[in-house]
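Participant: sharing a model prediction with you, sequence too.
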Amino acid sequence: MVRQIANLVCATSRVTSRLVANLCVGVIFVMLGLLVTQVLMRYFLGAPPSWTEELAIILFAWLVLLYATVGLREGFHVAIESIPARFERLHRWADRLVAALAILFGYVTLTAGSAYVERTTGQKTAALQLPIEILYLCVPICGALFILHGAARLIAHPPDENEAGS
């Protein structure tokens, strides 16, 4: 039963990471289109629309935070190799510590982000008059994804028998 739950968490993390990575590619193209539109309208009409910049900023916030969760899942975040490769057991424990810290960071981000979204409910963005929650919701959502991917990293490599007994 525990192994099935662990497999479900790992599979959910893998699928979610792929979906988020593909979503981020789409967001990049939308941002590129918005910024090209703004530059062309500034150059040819002398009056760029303010909404393109605001929407690009909102999308950029989502892009950075969402792709950070993909980086955690895929392991392409910045890392410093401070433990020599011959200390394999120490490497595994350090990886578990990093996963636990990622879960803690996700929890803090989820709870603080949710509280901030609640406090700013009812405010609008300047140009588009969208609910400001559209911008700030990226924080708790990414916190939840950090928890998911951190948990998947934590349970993906269970300790071997020698470690469990020591």
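Facilitator: Now that the structure is in, tell me what you want to look at. Numbers count the residues shown, from 1 in each chain.

Participant: so where's the longest helix in this structure?
Facilitator: helix 2-45 (DSSP state H).

Participant: which other helices and strands does it contact?
Facilitator: helix 50-74, helix 138-156 (3 or more C-beta pairs under 8 Å, 6 or more residues apart in numbering; DSSP states H and E). Every C-beta, even on glycine, is put in place using the N, C-alpha and C of the backbone.

Participant: chain center to the longest one, what's the gap?
Facilitator: Same thing as helix 50-74. Taking C-alpha atoms, centre = their mean, to the nearest Å, the mean C-alpha location of helix 50-74 is offset from the chain mean by 9 Å.

Participant: okay, the angle between the helix or strand just after it and helix 50-74?
Facilitator: Next in sequence after helix 50-74, counting helices and strands by DSSP states H and E, comes helix 88-119. Per axes from the mean of the first three to the mean of the last three C-alpha atoms, to 10 degrees, the angle that helix 88-119 makes with helix 50-74 is 150 degrees.

Participant: and the next helix or strand past helix 88-119?
Facilitator: Proceeding N to C from helix 88-119, the next assigned helix or strand is helix 133-136, under DSSP H and E.

Participant: pull out the buried residues from that next one.
Facilitator: 134-136 (16 or more other C-beta atoms under 10 Å).

Participant: and what of stretch 38-56?
Facilitator: So stretch 38-56, judged by 16+ other C-beta under 10 Å, has buried residues 38, 48, 51-52, 54-56.

Participant: nearest to Ile141, of the residues you listed?
Facilitator: When the buried residues of stretch 38-56 are compared for distance to Ile141 (C-beta to C-beta), Leu55 wins out at 18.2 Å.

Participant: who are the contact partners of the nearest residue to the closest one once chain neighbours are set aside?
Facilitator: Excluding the flanking residues, the one nearest Leu55 by C-beta to C-beta, 6 or more residues apart in numbering is Leu34, at 5.7 Å. Applying C-beta atoms under 8 Å, 6 or more residues apart in numbering, we find Leu34 in contact with 52-53, 55-56, 59.

Participant: which one of the residues you listed is nearest to Tyr107?
Facilitator: Leu59 (25.9 Å).

Participant: quick one: that closest one from Ala156, how far?
Facilitator: Distance, Leu59 to Ala156, by C-beta to C-beta, to the nearest Å: 31 Å.

Participant: the more surrounded of these two?
Facilitator: Ranked by neighbour count (other C-beta atoms under 10 Å), Leu59 and Ala156 place Leu59 first, with 19 against 15.

Participant: do I have it right that Trp62 meets Ile28?
Facilitator: No - counting by C-beta atoms under 8 Å, Trp62 does not reach Ile28; the two are 11.0 Å apart.
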